[in-house]
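Following is a predicted model, sequence given first.
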Amino acid sequence: MVIIIHNNGCVMELDKMDENDWKYHGEGNKSLVVSHSQHSHVLRLLKYPAGNAEHPPQTTEQAFRDIQNIVDFNKNIMKPLLGERYVHHGEAVKLPLDFVRQLSLKVQPERPESRCDKVMDTFSGCALCLPNLTQMPSCHISQHRPPLCIEIKPKCGFLPFSRHVSKEIKHKVCRFCMHQHFKLANGEWKRMSRYCPLDLFSGNKQRMCFAIKHLLQEPQNNFKIFKNGELIYSCKEDVDLNGLAQHLKPYFHPGNGLMNGHQPGKAAMNELIQVICSALLSSGDSNRAGEPRKGLPLEGRGHCEANGLYRDMLRNGNHYLPKDCVLSKILQVQMLDSLDIEGLYPLYKRVEQYLEEFPKERGRLQIDGPYNENFLEKIQNCPSEDDGSIDYAIGKVHQYRVAMTAKDCSVMITLAPCEEDELLEPNLETQPSKRRFTYSVSILDLDPKPYENILQQHKRDAKIVNYYLRSQQEAAVAGLYLEREQEDCTLMFHPV
Ligand SMILES: O=P(O)(O)O[C@@H]1[C@@H](OP(=O)(O)O)[C@H](OP(=O)(O)O)[C@H](O)[C@H](OP(=O)(O)O)[C@H]1OP(=O)(O)O
Ligand SMILES: Nc1ncnc2c1ncn2[C@@H]1O[C@H](COP(=O)(O)OP(=O)(O)OP(=O)(O)O)[C@@H](O)[C@H]1O
């Protein structure tokens with residue numbers, strides 16, 4: 001009998017797995033996640049293109065190595081870089097094939113159509129077992145107000161500072177905002193998101209609140225809310241802010257009446273934004289308030305010109321991201337991409353050429369892992385100047401890959417109302433600011449990005465930037481025509 005005992009004390013007997021104990025929880029491009037209905041853990045199973053559905057794309061040993069690589073990358077690379085407290089590396093497990101097949105059939109009707117171009121791996125039985133981060137570890141669970149969890153995929157929080165950048169626009173408009181135009185044109189989303197990562201990472205509370213508000217208005221794949229582990233708010237055709245407000249009221253405004261002349265739903269939403277902001281700025285210990293300490297200054301990250309709104313806010317003094325807060329940690333790792341894909345690409349080509357000449361060196365260069373202390377050493381001690389060596393090139397390639405992981409991760413903030421507050425009269429109208437939460441902050445989706453993706457990154461970058469430049473030009477020309485037409489009209493109606 002194989003038993004896994006988790007640090008939260010729950011036991012999973014791998015040979016007694018029953019698909020009825022598990023339910024669909026969510027998925028992304030690479031993996032599908034199921035959660036246990038009683039215990040607080042999830043299984044993350046990898047997916048592969050539906051075209052291969054009949055045949056395993058790899059051997060069981062290879063599949064297990066891939067999962068183990070993810071665990072090692074999280075444990076030995078991302079944990080030291082992002083901080084022990086934020087990263088949960090999980091463990092690789094081998095599940096009975098029958099269980100996995102039944103599970104796959106069970107979850108299929110729950111899956112969004114847009115994700116069905118890939119199928120769950122039902123051949124290897126390999127998966128990653130992780131704590132369920134939408135639930136609060138060891139906390140009193142109130143029936144009335146169970147834990148809320150907010151998931152944010154913040155994306156890249158800085159403008160490239162590399163001298164290798166060839167298009168000036170990349171120093172002015174951030175990747176996310178440019179990418180929005182491309183995604184809309186390709187029908188990936190129907191509405192433009194006004195969220196800008198530079199606002200979220202600014203350390204300026206006002207800008208951060210704007211960013212969170214824009215995520216709420218148009219969540220796309222960047223924002224989700226769970227209540228008691230169940231998804232209650234995410235991207236849908238019609239974003240239901242009123243429905244969300246109803247869910248939030250008991251947490252912030254337990255009474256029924258109007259508060260200070262506000263509508264309680266709207267006020268609850270504002271309170272939620274403030275709480276998210278505090279959690280993002282806190283130093284990460286499960287706590288109640290974040291005392292900002294000096295950390296990463298805003299200088300050099302500035303704002304994105306896609307977003308003309310905030311110039312005045314920027315003039316309001318210097319802003320810092322507190323040193324140990326989750327956003328600061330993520331940003332520091334993202335900034336390991338110091339050359340931008342344009343500066344990195346020639347180094348990737350250098351590695352490619354070297355591997356062509358010396359294919360056996362692939363292992364020593366740790367192109368596909370192992371993700372161990374040596375790999376971390378290559379990232380942390382990469383020379384700052386290019387001496388033409390392969391070691392410099394591989395150091396930069398690895399730094400870039402780690403930065404890509406941090407640009408694609410998600411943050412989970414789990415909130416539980418403080419126990420003392422639970423004892424308050426449920427109908428008592430307390431000041432919202434007096435309502436307190438215990439929260440825990442984690443980072444998820446920290447998989448290593450394959451070395452081979454660099455070529456694709458290079459192409460995608462050019463596509464996004466060129467599309468943006470073209471669409472701006474077209475908009476400018478259309479604007480000129482409009483101005484002309486308006487002038488003509490004005491002339492026509494001028495009194496003679
Ligand atoms: O390139 P990006 O910025 O579009 O990021 C991809 C994500 O798109 P997004 O823009 O966040 O909707 C994309 O997310 P979606 O599938 O769009 O939800 C994946 O996270 C992809 O990573 P991977 O290939 O699955 O490891 C991400 O690809 P990587 O660039 O991280 O490899
Ligand atoms: N440990 C966890 N606890 C709770 N929920 C989780 C956990 N891990 C993942 N999830 C949920 O499952 C979803 C998909 O997981 P994940 O982001 O790891 O998938 P992915 O395929 O790697 O995503 P991407 O498209 O970014 O590559 C997440 O957005 C999150 O809602």
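The structure has been received and is ready for your questions. Ligands and ions are numbered 1, 2, ... in the order given.

okay, now D199: neighbour count?
Other residues near D199 come to 26 when the count uses other C-beta atoms under 10 Å. For the C-beta atoms, the positions are set from N, CA and C on the backbone; glycine is no exception.

so how far is ligand 1 from it?
Computed as C-beta to the nearest ligand atom, to the nearest Å, the D199 to ligand 1 distance reads 17 Å.

which helices and strands does the helix or strand where that residue lies pack with?
Using DSSP states H and E, D199 sits in helix 197-200. Under the contact criterion of 3 or more C-beta pairs under 8 Å, 6 or more residues apart in numbering; DSSP states H and E, helix 197-200 touches helix 205-217.

any idea how far the helix it packs on is from the chain center?
Here helix 205-217 is found 16 Å from its chain centre; the criterion is C-alpha atoms, centre = their mean, to the nearest Å.

Quickly note the distance from N381 to P137.
According to C-beta to C-beta, to the nearest Å, N381 and P137 sit 35 Å apart.

Would you mind telling me which of these two has more residues around it?
Higher neighbour count among N381 and P137: P137, with 15 against 9, using other C-beta under 10 Å.

pretty sure the more buried one is touching H41, no?
No - here P137 lies out of contact with H41, judged by C-beta atoms under 8 Å, at a distance of 10.8 Å.

Output whichever strand or helix holds M269 as CSV - backbone C-alpha positions only.
Using DSSP H and E, M269 maps to helix 264-281. What follows is helix 264-281, C-alpha atoms only, in CSV (Å, rounded to 0.1, in the frame of the first residue of the first chain):
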residue,chain,number,x,y,z
PRO,A,264,-23.4,48.0,0.2
GLY,A,265,-22.4,45.9,-2.9
LYS,A,266,-20.3,48.7,-4.3
ALA,A,267,-18.7,49.4,-0.9
ALA,A,268,-18.0,45.7,-0.4
MET,A,269,-16.2,45.6,-3.8
ASN,A,270,-14.1,48.6,-2.8
GLU,A,271,-13.2,47.0,0.5
LEU,A,272,-12.2,43.8,-1.3
ILE,A,273,-9.9,45.9,-3.6
GLN,A,274,-8.3,47.5,-0.5
VAL,A,275,-7.8,44.1,1.2
ILE,A,276,-6.2,42.6,-2.0
CYS,A,277,-3.9,45.6,-2.2
SER,A,278,-2.8,45.2,1.4
ALA,A,279,-2.1,41.5,1.0
LEU,A,280,0.0,42.2,-2.1
LEU,A,281,2.0,44.8,-0.2
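
rewinding a little: buried residues in the helix holding D199?
P197, L198, D199, L200 (16 or more other C-beta atoms under 10 Å).

got the contact list for it?
With contact meaning C-beta atoms under 8 Å, 6 or more residues apart in numbering, helix 197-200 is reached by 152, 154-159, 174, 176, 207-208, 210-212, 214, 280, 301-304, 307, 310, 327.

same thing with stretch 243-251?
Against stretch 243-251 from outside (C-beta under 8 Å, 6+ apart): 144-145, 148, 216, 225, 227, 232-233, 264-266, 268-269, 271-272, 415, 417, 435.
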